[in-house]
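Participant: Got a sequence here, can you model it:
(chains A, B, C and D)
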2 protein chains.
Amino acid sequence: MTDERPGAGAGVDGVLAALADPTRRQLLDLLADRGEATATALAEQLPVTRQAVVKHLAVLDAAGLVTGGRVGREVRYAVRPAALDSTARWMAGLAADWDRRLATIKSLAEAAERDARRSGE
Amino acid sequence: MTDERPGAGAGVDGVLAALADPTRRQLLDLLADRGEATATALAEQLPVTRQAVVKHLAVLDAAGLVTGGRVGREVRYAVRPAALDSTARWMAGLAADWDRRLATIKSLAEAAERDARRSGE
DNA sequence: ATGACGTGCAACCCTGGAGTTGCACTCAAA
DNA sequence: TTTGAGTGCAACTCCAGGGTTGCACGTCAT
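Facilitator: Okay, the predicted model is just below:
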């Protein structure tokens, strides 16, 4: 894992799914603080087992929110803001799109009502 | 539900949890297209029951992504971009924050290394 | 008034994922 | 070469939630 998919804005649902879990968000926060940490170290700061942390890190890694690098006999994980950032942009774009569509629909509805008022009543 | 909590940046995890489900995203897309629709109408466009749609709409409503209004014997739902937009901002802020923290940590590490190199070796 | 349509409620499966435990493996230091 | 710390793998439990079915309740039109 930790593969660098180049054209990937496709990771959005992965990021969303990853961010949906509170423990995972907490994990990311811890990582952002320390810069680097091993699964065991992180587990000590959380009310869960190391294994649980490992699984979460795997999910985060698959979502591109985190990278794991081996140093000797331990594995250091670090946060990577890129995926989060791109998802944020995607989301902002979506919000803008909704606004656009809703505005269009609203204006159409108003026009239709004007027409109806003019001819029918 | 559909309560307008004013100071709410607290809805973020609600929005994330809501957005984590693909069906729910699809539902939001359909709603953004039509502007308004009933649960039954939406269910016809999806491979799931009306009941499933109702549950999803309840979740989306609780997350503030959707509003339900009663018109006669039917309930019209509409998308509301506000919550999505605020979450997007929150996310962008978080990404920026991570960047900041990582930069700080990196510079600290480099400084420490310089020191070590100067005195020790 | 009565049938048809739309909604609401409740009980019920069933899968996925969060979490655990136990053990085997690897690497570094004594 | 042992000893211990850190990791990896696998099987297992448990429950939240996505989905369904069935029925009761309101609401509009005829």
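Participant: Would you mind getting the angle between the longest helix seen in chain A and helix B:81-119?
Facilitator: Ordering each helix of chain A by length in residues (DSSP state H) puts helix A:81-119 first. Here helix A:81-119 runs at an angle of 160 degrees relative to helix B:81-119 (axes from the mean of the first three to the mean of the last three C-alpha atoms, to 10 degrees).
Participant: burial of residue A:50, as a residue count?
Facilitator: Counted with other C-beta atoms under 10 Å in any protein chain shown, the neighbours of residue A:50 add up to 15. Heads up, the C-betas are built off the backbone N, CA and C, glycines and all.
Participant: mind listing what the nearest residue to it once chain neighbours are set aside touches?
Facilitator: Spatial nearest neighbour of residue A:50, chain neighbours left out: residue A:43 (4.0 Å); criterion: C-beta to C-beta, 6 or more residues apart in numbering or on different chains. Counting by C-beta atoms under 8 Å, 6 or more residues apart in numbering or on different chains, residue A:43 touches A:49, A:50, A:52, A:53.
Participant: Which one of those residues is nearest to residue A:35?
Facilitator: Within the contacts of residue A:43, the smallest distance to residue A:35 is 17.0 Å, found for residue A:53 (C-beta to C-beta).
Participant: What is the neighbour count of that closest one?
Facilitator: When neighbours are defined as other C-beta under 10 Å, residue A:53 has 25 of them.
Participant: That one and DNA strand D, how far apart?
Facilitator: Residue A:53 is 9 Å from DNA strand D, where distance means C-beta to the nearest atom of the strand, to the nearest Å.
Participant: How much space separates that residue from residue A:16?
Facilitator: Note on residue A:53: its distance to residue A:16, by C-beta to C-beta, to the nearest Å, is 21 Å.
Participant: ok, now residue A:92?
Facilitator: According to C-beta to C-beta, residue A:92 stands 14 Å off from residue A:16.
Participant: More neighbours: which of those two?
Facilitator: Higher neighbour count among residue A:92 and residue A:16: residue A:16, with 22 against 17, using other C-beta under 10 Å.
Participant: I figured the more buried one was touching residue B:20, is that so?
Facilitator: Yes - using C-beta atoms under 8 Å, residue A:16 is in contact with residue B:20, at 5.1 Å.
Participant: So which residue is smack in the middle of chain A?
Facilitator: Nearest residue to the geometric centre of chain A (C-alpha atoms, centre = their mean): residue A:15, 3.3 Å.
Participant: Tell me if that one really is in a helix.
Facilitator: Yes - Residue A:15 sits within a helix when classified using DSSP: H, G, I helix; E, B strand; the rest coil.
Participant: and the gap between it and residue B:104?
Facilitator: Distance, residue A:15 to residue B:104, using C-beta to C-beta: 24 Å.
Participant: before we move on, what about residue A:93?
Facilitator: Separation of residue A:93 from residue B:104 (C-beta to C-beta): 30 Å.
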